[in-house]
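Trainee: Provide a 3D model corresponding to the input given below.
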Amino acid sequence: MWIQPEEVLLAGALWVSERANPFFILQRRRGHGRGGGLSGLLVGTLDVVLDSSARVAPYRILLQTADSQIFWNIACGSSRKEITEHWDWLESNLLQTISIFDNDEDITTFVKGKISGIIAEENRPADSEEQEEDSGKFREAELKMRRLFGMPDEEKLVNYYSCSYWKGRVPRQGWLYLSVNHLCFYSFLLGKEVTLVVPWTEVTQLDKNATLLFPESVRVSTRLTEHFFSMFLNINDTFKLMEQLANIAMRQLLDNEAFAADRSLPKPCKTLKNVSALKRDLDARAKNERYRAMFRLTQDERLDGHTDCTLWTPFAKMHVVGQLFISNNYICFNSREEDLCQLIIPLREVTIVEKADSSSVLPCPVSISTKNKMNFLFANLKDRDFLVQRISDFLQRTPDSSWGDTSPLALIGHSVRSDSDVCPCPQTSNIHSASAGSESISRGRHYHPGLPTASCGLLQLYHQDTPEDLGPKAMKEKMKEESWNIHFSEFGRGVCMYRTSRTRDLVLNGIPECLRGELWLLFSGAQNEMATHPGYYGDLVEQAMGLCSLATEEIERDLHRSMPEHRAFQNETGIAALRRVLTAYAHRNPGIGYCQAMNIVTSVLLLYCTEEQAFWLLVALCERMLPDYYNTRVVGALVDQGVFEELTRAFLPLLYEHMQQLGVISTISLSWFLTLFLSVMPFDSAVLLVDCFFYEGIKVIFQVALAVLHDNMDALLSCSDEGEAMTILGRYLDNVVNKQTVAPPTPHLHALLTSGDEPPPEIDVFDLIKSSYEKFGTLRSDVIEQMRFKQRLKVIQSLEDTAKRSVVRAVMTESAFSIEELEELYCLFKSKHMTSCYWGSTSSAAERHDPSLPYLEQYRIDSAQFTQLFISLAPWVCGGHTPTLAARLFRLLDQNQDGLVNFKEFITGLISSVCLFVCLFTALCPEEAESALEATHFFTDDLSKGTDTSCEPKDKVKDYRYYLRMWATEKEPKKETIKDLPRMNQEQFIEFCKTLYNMFSEDSSEQQLYHSIATVASLLLRIGEVGKKFSNNGGKKSVAAVEQAPPLSAPEGAESPCGELRPFYCDELMSFFVLTVSFGPGSVGRECQVIGALADAHLEDEDEASVSSYSVVSSGSLRCEDVADDDDAVLVGERRRGSTLDADWSISFEQALASLLTEAPLVDFFERKRDVRSKMAACRAQRAVERQTSSASDHELTPHTV
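Mentor: Numbering: from 1, shown residues only. Take a look at the predicted model:
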């Protein structure tokens, strides 16, 4: 490519000149291409170690002048072909022009200007908003990666590092390339080349460790091996990036969603050296995730920036040092000291932002006022003016109907009163004025304000008629309420409340029942989502109710299992509210839909919250606080189960070893985490843990679980089996009581079932929570997240292995492959699917993924990928016909016509009996556009009844009934028949023989097979001639008439010889009998004399001609290799020009099959077991071959001598 001219002082150093003229020199890097010797090895090693561009561009063109010692590099190339094109252009366009210049400086200026103009012209289309922000050095590294490892342009490099790769005991110095989908390493030292490519989806473990053998290294583990990398300049930065990319890959395996770059990132003020746009994107994502987790914000919240500052806390009368965070909808503050102070200010609540007077005590202050009359003072801001401007910009984009037409920051520093302070909100007044007229309409909705659960929780609904309790427990509850009211008056109430260690102490002492719903909404962040989505829940209920799906069926089944001991769910009011919330969420998030344990958690939420509040709390739980807990494979719960085991090993090592032997931890912890102890602990006690969970997050659940094991350590260590340990823990949790509860005790079914003769002592839940904080309070959320990442790799890869084993077991009964072969085929199929997710395809990854389908049908590939695999793995090669056969076979297997086939269909396609279907159907119509589904009618009497989906609308969502009908139909026995097979005419018979010839090529018994097929073909010719005598219509027809005529059927009384064969072998011969229909005449480039003789024999009008052709063919003395392509063209041309086909000549399947069975070599050929493993090994090695080819020069031309 052309490059901006660069000065070169030593033109001959490390380069070899290959062409030259008075003005230009074409050079090649030493060590590239053939030869080079020791100097070439040293130069190649130096290029790799120093990351020289000469490794990827080993050719260059220099501009030289006679009187100057300075050369100018004007072009470089990765192959001789590329650099030669530039050289020829220079000789054709510039050489004569610059030869007339008198001054060398003019020549240099002219050539440099010309090259710069060419580069500007080439880059003009890229001068758009989507222009790459990467530096030239980084783009050069990305190009190098693609050439070294054979990656397409869609594979984006994120960053690259110099490091050492430990291959055995010897470190190999080279370069580590981290792309979106792969980890790659390349080293070239003294002729020893090391190339490593590891897909992130294959990584099972990432560790950063320091040992005597591998000092400060990164270990990358896969299923088969481990790789060690060391000698990083910044190992922490490298390891964090590796974790991010591996996490993205695991999300891709889990959700089948490819990585999408964030196009909305702000562009940097200047191009950052060696930092790609993708690296900036990933860094921004990591910061956003930490920011959202810290303040419990929604997934679409994006951090704009943060700065150090101080916050004046009126309750403590002091300035707190911390960081101020600004995002598109919030202003947040977090103190440097943990739990000292945290603040969240939604921009929708802001009324004033002003710059206060600066002083030595209070430098650069900014005051922010909110609608609830709270004022926040931030100081020690480094760039106050820029900060205020950014807040102003976000406020102007903040949607809030109460502002009317007035901008909240029309004038910085001036108060802006909301319209609600002056007059009622127009929308509110309209609602109230129209409420009477619309009351009857709203009553017809599934969810409306008139419902009891729309205005209060179920607990309040059932306690409103009970007399006031004046007992000691009730008085203590009143004292809790008063403590919270005092806290509200001092620290604020609502989303803008100061959150301090005092707030946590109040939560640990228990939230009053009347405040529980409000504070759950506040601490979880659900209140913000509910405030920004008014009416969303009601609309969702109307859309979801009445729809039938697998989720709704499961919801209906579990409704009456949700806290049946509580009277709130012993009537239709509570059941209907629970149904609406669960159905609405399943409609909102079909990826999760409904999972068991969601009903238990939601029923508790409904006790203290309205329906809408419970819905948004469920959203916060499923999508933020307990990620991936409630999907179809409960991945999040399994991940936290692994984290809990790791924490048990760290805090309780003796108990961990004993529990691992019993296998108890994995059994007990899943139910604890999925239901937040609600299903294993009395309700009044477990709800206190939910209080702590909404404030502290998942670490409280880990702390309490560890405390439970610690309290029962002695009893568990003496257990001898799993059942005994489960009984001990179950009885312990059943007797965790809340002695301060005001409500009457709710019977716990598990306690009733497991209680023994001697009840164990009661455990106060407050003592359990206090003990968990005292013994295990050192747990940090960031440490838990790090442990979650490690466990997520293990869990998802373990689930993938389980899915593979399940698929292999399901397919093994329907195929002739062994378990090992099926596993290898599954890996190849999955790699093709993942490749389409990496680098794009005809359909998006989201469209390919259907979580309702079983593991067997999760991964799917398109037509192009199917063709590649079929050509590589098909048991027989049919020459030029193979791609056409693969395309038509794909259309047959794709029964739902979505352009994709799953693994089961792919395995079915490799069994050649299925080829019969596609080939037979295409015999009717040579065009490519026909639907392959109709071909199945030739083999089954009524195959497509009840399963035909062609009449269904494309946009209709398939529910579980569709898949049940489809699977049930697949299990039904299908009676195959061959009586409807069309008869084969002359032209198709010729193509049939051509296909068989291509299959026999390069076989060990090639000559016997040729002789056998010649004998069979001659016999079938005579059978066809004899059959004409029994035909009612013996006249001759044209080829066009033959094509338009309907296929002839076999005689009704014809018996099939298939009964004498095993079904698989019968299907093989049936397939090759009808294989010809896929191809038209002349589709094969070279035809043998056997086929030429057959064609001539077909064109004779008399029976004597057929007899003569038989004698020629059956002799077997003619070899296909002795016939030139021109002779084939003459044969076919004579047939087309001088003759027409005999429409009465035809043979049936029974006749062809019986003739093939007379030749032992043919029978042995089709019965021989094919070596599929060698084909799979070749398919796996194909990627390495492509990589090797891509790194070599495209054209190595002989250099011209000068």
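
Trainee: list the buried residues for the helix or strand containing residue 482?
Mentor: Using DSSP states H and E, residue 482 maps to helix 472-491. For helix 472-491, burial by neighbour count (16 or more other CB atoms under 10 Å) applies to 477, 480, 484, 487, 491. Every C-beta, even on glycine, is put in place using the N, C-alpha and C of the backbone.

Trainee: will you turn these into JSON lines that also has distance to residue 1157?
Mentor: JSON lines is the format used below for these (distance: CB to CB, whole Å):
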{"residue": "477", "distance to residue 1157": "91"}
{"residue": "480", "distance to residue 1157": "91"}
{"residue": "484", "distance to residue 1157": "91"}
{"residue": "487", "distance to residue 1157": "92"}
{"residue": "491", "distance to residue 1157": "92"}
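
Trainee: before we move on, the earlier item: show me what the mean pLDDT comes to for the helix holding residue 482.
Mentor: Helix 472-491 shows a mean pLDDT of 91.

Trainee: dump that helix to CSV, restricted to CA.
Mentor: C-alpha atoms of helix 472-491 as CSV (Å, rounded to 0.1, in the frame of the first residue of the first chain):
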residue,chain,number,x,y,z
PRO,A,472,-44.8,-5.2,74.0
LYS,A,473,-44.0,-6.5,70.5
ALA,A,474,-46.3,-3.9,69.0
MET,A,475,-44.7,-1.1,71.1
LYS,A,476,-41.3,-2.2,69.9
GLU,A,477,-42.5,-2.1,66.3
LYS,A,478,-43.7,1.5,67.0
MET,A,479,-40.3,2.4,68.4
LYS,A,480,-38.7,1.1,65.2
GLU,A,481,-41.0,3.3,63.1
GLU,A,482,-40.1,6.3,65.2
SER,A,483,-36.4,5.6,64.8
TRP,A,484,-36.8,5.5,61.1
ASN,A,485,-38.9,8.8,61.2
ILE,A,486,-36.1,10.4,63.1
HIS,A,487,-33.6,9.1,60.6
PHE,A,488,-35.7,10.5,57.7
SER,A,489,-35.9,13.9,59.3
GLU,A,490,-32.1,14.0,59.8
PHE,A,491,-30.9,12.2,56.6
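
Trainee: packing partners of that helix?
Mentor: Contacts defined by 3 or more CB pairs under 8 Å, 6 or more residues apart in numbering; DSSP states H and E place helix 472-491 against helix 501-508, helix 513-524.

Trainee: contacts for it?
Mentor: Helix 472-491 is contacted from outside by 315, 468, 497-500, 502-503, 506, 509-515, 740-742, using CB atoms under 8 Å, 6 or more residues apart in numbering.

Trainee: cutoff 10 Å now
Mentor: 313-315, 341, 468-471, 493-494, 497-500, 502-503, 505-507, 509-515, 518-519, 739-743 (CB atoms under 10 Å, 6 or more residues apart in numbering).

Trainee: show me how to select, in PyMOL, the buried members of the residues you listed.
Mentor: Here is the PyMOL selection string for the buried members of the contacts of helix 472-491, based on 16+ other CB under 10 Å:
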select buried, resi 313+341+497+498+499+500+502+503+506+507+509+510+511+512+513+514+515+518+519+740+741+742+743
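
Trainee: which helix or which strand is home to residue 666?
Mentor: Judged by DSSP H and E, residue 666 forms part of helix 665-674.

Trainee: which other helices and strands contact that helix?
Mentor: With contacts taken as 3 or more CB pairs under 10 Å, 6 or more residues apart in numbering; DSSP states H and E, helix 665-674 sits against helix 598-608, helix 635-651, helix 653-662, helix 699-711, helix 722-734.

Trainee: wouldn't residue 536 be in contact with residue 529 here?
Mentor: Yes: with contact defined as CB atoms under 10 Å, residue 536 counts as touching residue 529 (8.7 Å).

Trainee: between those two, tell me which one has more neighbours.
Mentor: residue 529 (20 against 17; other CB atoms under 10 Å).

Trainee: how about the more buried one: what's its closest non-neighbour residue?
Mentor: Excluding the flanking residues, the one nearest residue 529 by CB to CB, 6 or more residues apart in numbering is residue 616, at 5.3 Å.

Trainee: try residue 658
Mentor: Using CB to CB, 6+ apart, the nearest residue to residue 658 is residue 717, at 5.5 Å.

Trainee: where along the stretch 51-200 of the chain do the strands fall?
Mentor: Residue ranges of the strands in the stretch 51-200 of the chain, as given by DSSP state E, counting those that start in this stretch, are 59-63, 71-77, 157-167, 170-179, 182-189, 192-199.

Trainee: now render these as CSV, adding distance to residue 286, mean pLDDT and mean neighbour count.
Mentor: Below are the strands of the stretch 51-200 of the chain laid out as CSV (distance: least, CB to CB, whole Å; pLDDT from 0 to 100; neighbours: other CB atoms under 10 Å):
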stretch, distance to residue 286, mean pLDDT, mean neighbour count
strand 59-63, 40, 85, 24
strand 71-77, 36, 83, 22
strand 157-167, 13, 89, 20
strand 170-179, 14, 88, 20
strand 182-189, 18, 87, 22
strand 192-199, 22, 87, 16
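
Trainee: a markdown table for those strands, including distance to residue 790?
Mentor: A markdown table is the format used below for the strands of the stretch 51-200 of the chain (distance: least, CB to CB, whole Å):
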| stretch | distance to residue 790 |
| --- | --- |
| strand 59-63 | 46 |
| strand 71-77 | 44 |
| strand 157-167 | 21 |
| strand 170-179 | 19 |
| strand 182-189 | 17 |
| strand 192-199 | 17 |
